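Peer 1: Attaching a predicted model along with its sequence, questions to come.
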Amino acid sequence: MKWRFKSWPEGHFATITLTFIDKNGETELCMEGRGIPAPEEERTRQGWQRYYFEGLQQTFGYGARLF
């Protein structure tokens, strides 16, 4: 999917790939982001952890590791 922060330059999007892997009855979610501006990498990592992965963890009651 294409994704961006509003503060990024107009028309600049990162490509986010989500991969679901079956591991012995459990599902591992891997996320890869390409095209994230280098100065925004840590902010992006923190934002995805806070707003997406922690939400998944709370919803399903499981741990979430980012990257």
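Peer 2: Alright, I've got the coordinates.
Peer 1: Let's verify the most centrally placed residue in the chain: helix, strand, or coil?
Peer 2: In the chain, the C-alpha nearest the mean C-alpha coordinate belongs to Trp48, at 4.8 Å (CA atoms, centre = their mean). Using DSSP: H, G, I helix; E, B strand; the rest coil, the structure places Trp48 in helix.
Peer 1: How confident is the prediction for it, by pLDDT?
Peer 2: For Trp48, the pLDDT comes out at 90.
Peer 1: how much space between it and Ala38?
Peer 2: Separation of Trp48 from Ala38 (CB to CB, to the nearest Å) stands at 16 Å. Where you see a C-beta, it was placed from the backbone N, CA and C, and this is true even at glycine.
Peer 1: before we move on, back to that, the residue nearest to the centre of the chain is in contact with Met31, isn't it?
Peer 2: Yes - using CB atoms under 8 Å, Trp48 makes contact with Met31 at a distance of 7.0 Å.
Peer 1: mind checking the backbone torsions on Ile21?
Peer 2: Backbone geometry at Ile21, expressed as degrees, to the nearest 10, gives phi -120, psi 120.
Peer 1: list the contacts for it?
Peer 2: Residues in contact with Ile21, defined by CB atoms under 8 Å, 6 or more residues apart in numbering, are 27-30.
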